[in-house]
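In: sequence and computational prediction follow.
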Amino acid sequence: MKKKQIQSIYLMRLLAMSLVVLVHVTGAYASVLPFASDAYEKYHFLNRIIRIEAGLFIAITGLVFFYQYKHKTLTKKLWKDYYKKRVSFILIPYIIWALIYELHKLMLGFGDLNPAAVAKRIFFGESYYQLHFIFLIVQIYLVLPLFIWLGHKVAFFRKYMFVFGGFLQLVYIALTTYWPVSPFPLFLQLMGTLLLGGWIGLHYDREKAKSRRWTTAVWLSVSLLAGSAIAIYYYNAGTLNKMEWDNIPYETVNYIFLAAGCYGIFRLAEAISDRISVSAMSKIQQIASYSFGFYLLHPLVLDYVSRSIPAYSNYLFHVQILLRYFLTMGICFFIIYLFHRFVPFAALFFGKLPRRGQQIKQDKAS
């Protein structure tokens with residue numbers, strides 16, 4: 001039986017890639033605005049409250065793969081093809097961009113090309129600030145087949161997968177708070193949203209049917225309240241040092257923020273996708289298919305955009321931030337689009353891209 005496309009995924013990807021760029025663009029407040037000023041406090045809050053993008057990317061990953069594999073026979077050939085695609089679409093683009101950022105830092109005067117140091121930074125995702133996330137993504141792809149297998153074989157796990165994910169994530173965070181279990185970050189810190197997305201994928205039809213219920217607003221409100229709480233706490237305890245930092249409550253509320261937000265956004269995206277025309281969804285799909293490329297490329301573009309549009313500590317700061325944001329988004333899109341259209345093997349740079357001329361097959365069935 002051929003599965004229908006999940007159109008909401010494209011809306012979720014579009015939101016996630018837009019937010020990750022916005023996080024990095026608005027981060028200029030920390031070095032430009034007067035510390036603890038009214039504007040500083042507001043931008044700090046904005047920059048924290050939109051940090052759901054990483055959790056959303058991970059939830060999408062879980063949703064896509066658990067949905068895609070839930071009726072497949074799990075064979076060695078299937079997993080061989082799975083790992084081959086992860087190398088082609090994730091690992092190779094990551095290594096290429098890690099090397100690009102190593103050269104970029106050298107050109108700016110604060111990098112080095114010591115082979116051992118470069119290899120270590122690439123391995124641990126330290127070549128540039130956004131690449132640490134790819135280090136975690138690679139770990140997830142390595143272990144994901146195990147969780148997909150559990151979803152096939154263990155009914156209790158399949159039914160309460162989101163609970164297992166939250167438990168694993170919070171236990172890992174508690175352990176690393178009091179007794180570090182690894183010298184580098186592990187994928188376990190992302191298990192909550194990964195298995196939440198996987199649970200949605202396994203029960204997609206049932207969860208889609210809930211998308212127009214009023215409880216969607218409740219989930220989004222819970223996420224907004226939890227996100228506001230951690231943003232205010234982070235500002236007072238982590239920035240102003242007015243309070244003692246307690247990592248366990250912070251991470252617990254942060255998990256509520258991410259889980260409720262990802263679930264609410266999925267339901268909202270489902271409701272919206274049912275109302276969008278085929279032509280509009282086709283355009284959204286094209287842009288959203290560039291999300292991995294956006295993640296890899298945008299810091300490089302933003303660096304040069306920021307040099308062209310300096311930010312000053314006055315009323316123009318808001319305009320300058322908006323200009324930086326829209327210019328970065330636009331340049332990233334056109335670079336990836338031009339590579340996609342004219343450069344052979346563009347997937348080596350930007351991951352999996354749709355076939356040229358591919359049309360969306362919109363399934364409006366409920």
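Out: Happy to help now that I have it. The structure presented is a predicted model; accordingly, all values stated were derived computationally and were not measured.

In: please, where are all the helices along the stretch 101-250 of the chain?
Out: 115-123, 132-153, 155-159, 161-178, 191-202, 204-208, 215-233, 247-273 (DSSP state H, counting those that start in this stretch).

In: helices or strands next to the fourth one in the packing?
Out: Translated: helix 161-178. helix 191-202, helix 247-273 (3 or more Cβ pairs under 8 Å, 6 or more residues apart in numbering; DSSP states H and E). Quick note: C-beta positions are derived from backbone N, CA and C, even for glycine.

In: one step back: burial-wise, tell me which of the helices of the stretch 101-250 of the chain comes out on top.
Out: helix 191-202 (a mean of 27; mean count of other Cβ atoms under 10 Å).

In: mind checking the helices and strands packed on helix 161-178 for the one nearest to Phe124?
Out: helix 191-202 (19.8 Å; Cβ to Cβ).

In: which strands and helices lie in contact with that closest one?
Out: Using 3+ Cβ pairs under 8 Å, 6+ apart, helix 191-202 is in contact with helix 53-69, helix 132-153, helix 161-178, helix 247-273.

In: at 6 Å instead, please
Out: Here helix 191-202 touches helix 53-69, helix 161-178, helix 247-273, going by 3 or more Cβ pairs under 6 Å, 6 or more residues apart in numbering; DSSP states H and E.

In: would you mind getting the angle between the shortest one and helix 191-202?
Out: It stands for helix 53-69. If you take axes from the mean of the first three to the mean of the last three Cα atoms, to 10 degrees, helix 53-69 sits at 40 degrees to helix 191-202.

In: next one: Tyr263 from Ile6, what distance?
Out: For Tyr263, the distance to Ile6 equals 15 Å [Cβ to Cβ, to the nearest Å].

In: likewise for Met243?
Out: Applying Cβ to Cβ to Met243 and Ile6 gives a distance of 42 Å.

In: same thing with Val171?
Out: 30 Å.

In: what do you get for Arg51?
Out: 24 Å.

In: Leu353 touches His340, doesn't it?
Out: Yes: with contacts defined as Cβ atoms under 6 Å, Leu353 counts as touching His340 at a distance of 5.2 Å.

In: pLDDT score assigned to the residue of the chain most remote from its centre?
Out: Distance from the C-alpha centroid of the chain peaks at Asn314, with 31.8 Å (Cα atoms, centre = their mean). At Asn314, the model reports a pLDDT of 93.

In: quick revisit: Arg51 and Ile6 - which one has more neighbours?
Out: Remark: of Arg51 and Ile6, Ile6 carries more neighbours, 22 against 19, as counted by other Cβ atoms under 10 Å.

In: helix or strand: which one has that one?
Out: Under DSSP states H and E, no helix or strand contains Ile6.

In: distance of it from Met191?
Out: Note on Ile6: its distance to Met191, by Cβ to Cβ, is 22 Å.
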